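Participant: Make a model of this:
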Amino acid sequence: MTLAKRKIAESKELLGSITFRVDFAVSLSEYGGDPSDYITVYEGNIIGMADDDSEQKIGTLILYMVEAGRTMNEGVSLFDVMDCLDGDSCDCFENLFDPDSEQLKPEVEKLISEDRAAQWDIMLIERLELVPEYRGRGLGKSVALRAIQKFGENCGVITCVPVPLQFSGLGRNDRKPRGMTLAQRRVREFWEDVGFDRVPNSDYFIWPQ
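Facilitator: Next up, the predicted model:
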């Protein structure tokens, strides 16, 4: 049993009668020659489904899927691809990849299993958010693991940066507001419980298996 499947089984014990699905919207541009063509953004609404068949939106899941293998085959700069979308994808490149060789940094490679290292694509979990009344019940963990299981098979790198959403606009050199340290610790503990490992000297976490 893979790590994702084992942890999904564990999280179901907490979910009880809660079931969910994620409805994704995917944008495709007409022109296929731009660096952004190598990144697909999945913007998803997490839908909670009750026993009486009623449904409601209970959260948001956003994934960036980067076709790093295709950039290599077609001679396209991975930096240009990850720089074209937004600051988050560019920051991901700067934290995980050597800017000259565009290869993974050694400290990142050490966290990835040999089986996963044979894959090239990148999955960045950009956002996972639940409304307050659905937190603390294993639902967020189950959503994250299901996304990894569904989309991460061909990804050498599955990553996230655990920053509390209420503080996501702050820069590294900005003064930390009151309560940020505690909130950040809780978010990091959540992703560690999902199964991620922290990259040394970085805010990024890596799925190791």
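Participant: can you give me the helices in this protein?
Facilitator: Here the chain has its helices, by DSSP state H, at 3-15, 68-73, 78-83, 87-96, 106-109, 114-117, 139-151, 180-194.
Participant: between those, which one is nearest to residue 202?
Facilitator: Taking C-beta to C-beta as the criterion, helix 87-96 is the member of the helices of the chain that comes nearest to residue 202, at 4.9 Å. Backbone N, C-alpha and C define where each C-beta goes, glycine included.
Participant: Now that closest one: average pLDDT?
Facilitator: Mean per-residue pLDDT for helix 87-96: 93.
Participant: isn't residue 95 right up against residue 204?
Facilitator: Yes - with contact defined as C-beta atoms under 8 Å, residue 95 and residue 204 form a contacting pair (4.8 Å).
Participant: any weak-confidence spans in this protein?
Facilitator: Filtered on pLDDT under 70, the chain yields the residue ranges 1-17, 29-32, 164-180.
Participant: give me that answer again for 80
Facilitator: Screening the chain residue by residue with the criterion pLDDT under 80, one finds the ranges 1-18, 28-33, 117-118, 163-181.
Participant: Let's have the helices of the chain in JSON lines, adding distance to residue 131 and mean neighbour count.
Facilitator: Written out in JSON lines, the entries for the helices of the chain read as follows (distance: least, C-beta to C-beta, whole Å; neighbours: other C-beta atoms under 10 Å):
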{"stretch": "helix 3-15", "distance to residue 131": "16", "mean neighbour count": "15"}
{"stretch": "helix 68-73", "distance to residue 131": "34", "mean neighbour count": "16"}
{"stretch": "helix 78-83", "distance to residue 131": "31", "mean neighbour count": "20"}
{"stretch": "helix 87-96", "distance to residue 131": "23", "mean neighbour count": "17"}
{"stretch": "helix 106-109", "distance to residue 131": "33", "mean neighbour count": "14"}
{"stretch": "helix 114-117", "distance to residue 131": "33", "mean neighbour count": "12"}
{"stretch": "helix 139-151", "distance to residue 131": "10", "mean neighbour count": "21"}
{"stretch": "helix 180-194", "distance to residue 131": "16", "mean neighbour count": "15"}
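Participant: mind checking which of those is nearest residue 26?
Facilitator: Taking C-beta to C-beta, helix 139-151 is the member of these nearest to residue 26, at 11.6 Å.
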